[in-house]
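Asks: please find the sequence and the predicted model below.
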Amino acid sequence: MASESEQEKTMEIEKENESDENLTKIVTATGSGRKVTIKFANRNRFAPSSGLGDSQISSMLELSDDEFEEEQKKLISKPKSQKPAPSPKKRVRRASLPAVQKTPEKTITNSRRSLAASESKIKNKKIEPVESDSGDSDFESESSDSDFEDAPKKKPGKLKQSKAINPGTLLINRREFHPGVAPRDRPVKPAANQLVEAQQRLHVSAVPDCLPCREDEFAEVFGYVEGKLQEGSGGCIYISGVPGTGKTATVKQVMRYMEENRDEYPDFNFYELNGMRLTCPEQIYVEMWRQLTGQKLVHEQAMKKLDQRFATAAPKRVHTIFLVDELDMLCKKKQTVLYNIFEWPSRPQGKVIIIAIANTMDLPERDMDMRVISRLGFNRLHFEPYNQLQLQTIVSSRLEGLSVFQSDELQLVSRKVASLSGDCRRALDICRILAERAEREGRDRVTTEDVLKVHKEMFSSLKFQYIRGCSKLEQFFLRSMVNEFIKTGVEETQLRNIYLRLEEVCASEGAHQPPLLAVYDISARLSSQRLILSEDYRKGLDTKLRLNVGFDDINFALNPRN
């Protein structure tokens, strides 16, 4: 039995020798210290063509790149007695790195995902860039063309390691951001003097360098959107606040910041919708489908296409973010539109994020059904009106580097505006008018007397005088329109709603409710003086009305202390 086992062992050794007979084995030490065994197949074919022995090949592997090229040139220059064999493909000697196995093109569907997967595998390894010669560049170009055709070309350097996000410190880090605004396509021409430059900076259409006093709101919106993108799910967030508090500007800056740093976040597409630009609430389906695909359909077909799109799972689908501004314009008696808009993000395969903006904080509880409120959720953010210090900071940031205004003048303007509405646009308008007045009078700076004069002129015009001279019922009618706007956030309303608000105002003031015909006459007189805008009164109580002056102007004019 022992002899038979010894014979079987000798036969296995002979087979291994026969299998390795045509292979050349070279054991060499790399720069990192580990030993690598290199085997060259088909020894009878390649060894005679190169004329090298085993010792010569091992010595060439230990040479540097420059010395290796010189040895190759010497071998090429030598005359060959035998028939030249076809040269093998040029390969790069990289003993310190593991061999890379090429993957077929069909398996790589998204270059960004493949790169992210490779980075996650070498997350804890530090890889330094390798300086390659011309041969290396040829080899790398071939592999990049075949494996990563759609991948963007990047500069050589250290691979960027992805860092894990700590949810506990996410909000703290985001609060350190300073939101800004995208620059203009065409730069503004340089001003002749400081007063002219101050007028350009203080104009409402001017693009500032940053959005001060909204860092906390910026961090809240940014954290919500980033969290949904990282989770791969959808959601809704409701943002409210009076006009002029920076709601839309803050959201747009968040999306602009994320688009500029797309490499740090999953892919997404951002679209804007405005309820004031739609002829009817159902038109939002047409606009959403047009922005997604570029096709224009009727709203019934567009709604079906959108519902089918967000109900079907797709592995390659990226997140879709919709900014729906003026959400209150989409509220109707049948709230099917709002229900569909807020129901699509609840589907996990849809990957839809809705950012809804309106002027009133209690719009969902007041005008929405419970089924719509359940889909909207409780992710809400309210933008408070600017106070005196915030308004002063905003104006000072625009006038940075100019000595046109002093701190006392800016503080006075900020106090006047903050006592009315807290609208930063009103503060910018007053400061711009002050700069224009100083330029006309040939002065270099604005004084406190100018602030008082301009403020008195702005709130002592014929419009304010007529409001103060209106009858009690007409003043009650204007106050009712202001209350309706504050309550609903919609500038346009119907006469029947104003009639109900007028009943509340008269009850609070202890006056009698005027009859319906008297209300028609009051509305017609105010419309003739262009204080309100109205449709044809043949529609009766369904006549649409709208204020032609600001609600803060009416409050200031009707305030007895002013």
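Replies: Arrived safely, thanks for sending. The shown structure was predicted, so the numbers you read here are calculated from the model rather than taken from an experiment.
Asks: dihedrals phi and psi, L273?
Replies: In terms of degrees, to the nearest 10, the main-chain angles of L273 are phi -130, psi 140.
Asks: what's around the closest residue to it other than its chain neighbours, how many residues?
Replies: With C-beta to C-beta, 6 or more residues apart in numbering as the criterion, L273 has its nearest non-adjacent residue at 4.9 Å, and that residue is V324. For glycine as for every other residue, the C-beta is placed from the backbone atoms N, C-alpha and C. By other C-beta atoms under 10 Å, the residues close to V324 number 24.
Asks: same question, D536
Replies: Neighbour tally, D536, other C-beta under 10 Å: 7.
Asks: what's around T448, how many residues?
Replies: 12.
Asks: quick one, helices of the stretch 251-400 of the chain?
Replies: Counting by DSSP state H, counting those that start in this stretch, the stretch 251-400 of the chain has helices at residues 283-293, 299-311, 336-343, 363-367, 370-376, 388-398.
Asks: quick check: Q390 touching C213?
Replies: Yes. Look at Q390 against C213 with C-beta atoms under 8 Å: they come within range, at 4.2 Å.
Asks: residue contacts, the nearest residue to E326 once chain neighbours are set aside?
Replies: Excluding the flanking residues, the one nearest E326 by C-beta to C-beta, 6+ apart is G275, at 3.7 Å. Counting by C-beta atoms under 8 Å, 6 or more residues apart in numbering, G275 makes contact with 281, 284, 324-330.
Asks: from L376, how far out is the closest residue to L420 other than its chain neighbours?
Replies: With sequence-adjacent residues excluded and distances taken as C-beta to C-beta, 6+ apart, L420 is closest to D552, at 4.5 Å. Separation of D552 from L376 (C-beta to C-beta, to the nearest Å): 29 Å.
Asks: between the two, which one's more packed in?
Replies: Neighbour totals were compared for D552 and L376, and L376 leads with 24 against 20 (other C-beta under 10 Å).
Asks: just confirm the more buried one contacts G235, I think it does.
Replies: No. Applying C-beta under 8 Å, one finds L376 not in contact with G235, separated by 10.1 Å.
Asks: before we move on, the earlier item: any chance of the helices of the stretch 251-400 of the chain in JSON lines, plus distance to Y466 and mean pLDDT?
Replies: As requested, the helices of the stretch 251-400 of the chain are exported to JSON lines (distance: least, C-beta to C-beta, whole Å; pLDDT from 0 to 100):
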{"stretch": "helix 283-293", "distance to Y466": "38", "mean pLDDT": "94"}
{"stretch": "helix 299-311", "distance to Y466": "44", "mean pLDDT": "93"}
{"stretch": "helix 336-343", "distance to Y466": "40", "mean pLDDT": "92"}
{"stretch": "helix 363-367", "distance to Y466": "33", "mean pLDDT": "83"}
{"stretch": "helix 370-376", "distance to Y466": "42", "mean pLDDT": "89"}
{"stretch": "helix 388-398", "distance to Y466": "28", "mean pLDDT": "90"}
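Asks: and S523, which of those is closest to it?
Replies: helix 363-367 (23.8 Å; C-beta to C-beta).
Asks: what residues sit buried inside that closest one?
Replies: 363-364, 367 (16 or more other C-beta atoms under 10 Å).
Asks: ok, how many other residues are close to I532?
Replies: Considering only other C-beta under 10 Å, I532 is surrounded by 21 other residues.
Asks: any idea how far I554 is from D444?
Replies: On the measure of C-beta to C-beta, D444 and I554 end up 37 Å apart.
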